[in-house]
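# prediction below, plus the sequence it came from.
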Amino acid sequence: MAGLSPGLGEEMVGYTVSKTGVIALTRTMAKDIARHGVVTKCICPSWTDTEIVSSVLPEFKDQVDKMVEQVKGKMTPEHVAEGFYRLVTQCENGSAMAVLKGVPYILVP
């Protein structure tokens, strides 16, 4: 899983860089190992109604609530799973797909 948005604060730099770096890693691996029949793709889901999101640290709760509100609320895990299915079955090697609530599935340029 990759991420497209910045982290929640100064101490989230490593987290943010690692999540966005997954897209570059996916695309590089797709080129490097395709000759071996290996396919790489990544999914970039927005806020999803999971235990980890529900248990966000209190000091980040207001920021998370604002971010969730900006993307029209949390998605269900089933919505993310549908995006994953589409990514796997319909997209080419090296693709990255954004999954957002209320928006059609989007390939990341």
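Thanks, I have it.

# tell me the SS of the residue with the shortest distance to the centre of the chain?
Central residue of the chain (CA atoms, centre = their mean): Cys44, 1.9 Å from the mean position. Taking DSSP: H, G, I helix; E, B strand; the rest coil as the rule, one finds Cys44 in the strand state.

# what about Ser54, distance to Gly14?
23 Å (CB to CB, to the nearest Å). In this view, the C-beta of every residue, glycine as well, is placed from N, C-alpha and C.

# any low-confidence regions in the chain?
The chain contains residues with pLDDT under 70 at 1-12, 57.

# spell out the residue ranges of the helices in it.
Secondary structure of the chain by DSSP state H: the helices cover 13-33, 51-54, 61-70, 77-90.

# make TSV from these and add mean neighbour count and distance to Val99 to it.
Output for the helices of the chain, formatted as TSV (neighbours: other CB atoms under 10 Å; distance: least, CB to CB, whole Å):
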stretch	mean neighbour count	distance to Val99
helix 13-33	14	14
helix 51-54	8	14
helix 61-70	13	15
helix 77-90	14	4
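
# any chance of those in JSON lines, plus distance to Val108?
Below are those laid out as JSON lines (distance: least, CB to CB, whole Å):
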{"stretch": "helix 13-33", "distance to Val108": "6"}
{"stretch": "helix 51-54", "distance to Val108": "21"}
{"stretch": "helix 61-70", "distance to Val108": "18"}
{"stretch": "helix 77-90", "distance to Val108": "11"}
